[in-house]
Each structure stands twice: as C-alpha cells, then as structure tokens.
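>>> after the sequence you'll find the predicted model.
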Amino acid sequence: MQYKEPEEFPSSVIREAWKRQRGQCAKCGTKLIVANRDQGTLGSWHPHPLIKALRYDLSDNCALLCINPPTDCHRNIGHDALDLRVYNDLRDWQLPYFYGNKRRGYPSSEYKKRLKAYDNDRLGLHWL
C-alpha cells in the first residue's frame, strides 16, 4: 500500500522527527524501521503533517505514523479512515510517543507562532 502526500518533508525534517520519536510511531509506539518507509511491511511508516496548512520544513509539524494493520495510525488518526484525501489536524498531546517516551516536549517558537496564527484564523480571531 503506497501513500503519496501532495508535498514531501525534507529528509532533514524526517531525521529530526525520527530522533525526537526515537524510531517509534507517534501514536501507538510501534517500533519503525528506517528502510520500510511506505513499504507496507513490518515496521512501515509514513511522515504526516500535524497541521496540513503549516509548512513542511518544520520538524515540529512532522509526525511519523505506522502504516501497518491493525493499528495503521497514518490512516486511522492522520486521515479519515475511509478517505486518504481528508486530513485530520493533530496536536502533539494526542500523540503519546511524539516526544519518544517523554510525555511532553517543547515545540519550537516558530511552530508555536504558526500554530497560534492558524488556530486564530480558523476560529475567526484575526485580531489576536
């Protein structure tokens, strides 16, 4: 099963996300295998944006999610389970392994600024 994103994360962002998550799926903690990106085999994974509207060059916007049944976190939480064209906005607190085994990390100030602007725009709070 191949997954294609409209945009791709640079390899440097994926490396940072891999280190941050310690080679685990951000949602379920399944061990991922570097060579199995988009392969559909044991340890397969796919990089997914937490917020589709934000830039792809921020590692804080990149979550590595498994693509193996039965969990298939990429399909089940990253998208509507039935339609890969639908992107779900995610937050780091929804992903227990986003910071490896640590419960919470510290997103970059650039990511926090963009996320606040995105949330304000979505809620119609342009004046904040």
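Nice, thanks for sending it over. All values reported here derive from a predicted model rather than from experimental measurement.
>>> state the mean pLDDT of whichever strand or helix holds Lys113.
Lys113 belongs to helix 109-122 when assigned by DSSP states H and E. Averaged across helix 109-122, the pLDDT comes to 67.
>>> so that it lines up with my notes, have the first residue be 57 from now on.
Renumbered: residue one is now 57, and that last one reads helix 165-178.
>>> contact partners for the residue nearest to Gly79 when sequence neighbours are not counted?
Spatial nearest neighbour of Gly79, excluding adjacent residues (C-beta to C-beta, 6 or more residues apart in numbering): Leu88 at 5.3 Å. (Each C-beta comes from the backbone N, C-alpha and C, glycine too.) Residues near Leu88 by C-beta atoms under 8 Å, 6 or more residues apart in numbering: Trp74, Gly79, Gln80, Cys81, Gly99, Ser100, Trp101, Leu120, Cys122.
>>> wouldn't the first one be in contact with Val90 here?
Yes. Using C-beta atoms under 8 Å, Trp74 is in contact with Val90, at 7.2 Å.
>>> so these two - more neighbours on which side?
Neighbours around Trp74 and Val90, counted as other C-beta atoms under 10 Å, are more numerous at Trp74. The numbers are 18 against 11.
>>> identify the residue nearest the more buried one in space, chain neighbours excluded?
In space, Trp74 is closest to Leu120, 6.5 Å off (C-beta to C-beta, 6+ apart).
>>> so what's the one you found up against?
Residues near Leu120 by C-beta under 8 Å, 6+ apart: Ile70, Ala73, Trp74, Gln77, Gln80, Cys81, Ala82, Leu88, Trp101, His102, Pro103, His104.
>>> so what strands line up beside the helix or strand where it lies?
Element membership for Leu120, per DSSP H and E: strand 118-122. Strand pairing for strand 118-122, using DSSP bridges, gives strand 101-105 (antiparallel).
>>> if I look at the residue nearest the centre of the chain, what pLDDT would I see?
Among the residues of the chain, the one closest to the centroid is Ala119, at 2.3 Å (C-alpha atoms, centre = their mean). The confidence metric pLDDT takes the value 93 at Ala119.
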